[in-house]
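> build me a model from this:
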Amino acid sequence: MNWIYEEGRIYYENEDKKLMAEAILTAISNDEIDIEHVYVDPSLRGQGIAGKVMEVVTKHIRENGLKTTATCSYAKSWLVKNRTFNEDIISRNENDIFACRIDGKH
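Down below sits the predicted model:
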């Protein structure tokens, strides 16, 4: 997958420019971001793509010297499940992370 990086967003489009997967990232401060939303097109669900999105996101966070929290319920559960590998980028205790805001993309 060829990931596209924009401020506040990492995403993948297919050859027809259809959005297939994305993560929405919101700055909380200069060195902390919130993983606000993770989306995978229904045609790709169940194939581990959301996990791949999170791998790309956490790599980006780490490479940019940032910390993260997650209001997206999937991102939160993925970070907790993979906490051992991501302890260095998690900014808050997972109990402080809240569930996803519903914004019409779910």
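
> buried ones in the lengthiest helix in the chain, by neighbour count?
When every helix of the chain is counted residue by residue (DSSP state H), the longest turns out to be helix 49-63. The neighbour-count check on helix 49-63 (16 or more other CB atoms under 10 Å) flags 49-50, 52-54, 56-58, 60-61 as buried. In this view, the C-beta of every residue, glycine as well, is placed from N, C-alpha and C.

> can you redo the residues you listed as CSV with pLDDT?
Putting the buried residues of helix 49-63 into CSV (pLDDT from 0 to 100) gives the following:
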residue, pLDDT
49, 96
50, 96
52, 97
53, 97
54, 97
56, 97
57, 97
58, 96
60, 96
61, 96
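
> show residues contacting the longest strand seen in the chain.
Longest strand in the chain by number of residues (criterion: DSSP state E): strand 19-29. Counting by CB atoms under 8 Å, 6 or more residues apart in numbering, the neighbours of strand 19-29 from elsewhere in the structure are 1, 8-14, 33-41, 43-44, 49-50, 52-54, 56-57, 69, 75.

> neighbours of residue 19, how many?
Counted by other CB atoms under 10 Å, the residues lying close to residue 19 total 13.

> hmm, I was thinking of residue 31
Under the neighbour criterion other CB under 10 Å, residue 31 is assigned a count of 11.

> residue 2 now?
Under the criterion other CB under 10 Å, the count of neighbours that residue 2 has is 5.

> the helices in this structure, which residues?
Shown for the chain, the helices assigned by DSSP H span residues 49-63, 73-81, 83-86.

> got JSON lines for the ones you listed, with distance to residue 26 too?
Supplementary listing: the helices of the chain in JSON lines, determined by distance: least, CB to CB, whole Å:
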{"stretch": "helix 49-63", "distance to residue 26": "12"}
{"stretch": "helix 73-81", "distance to residue 26": "12"}
{"stretch": "helix 83-86", "distance to residue 26": "18"}
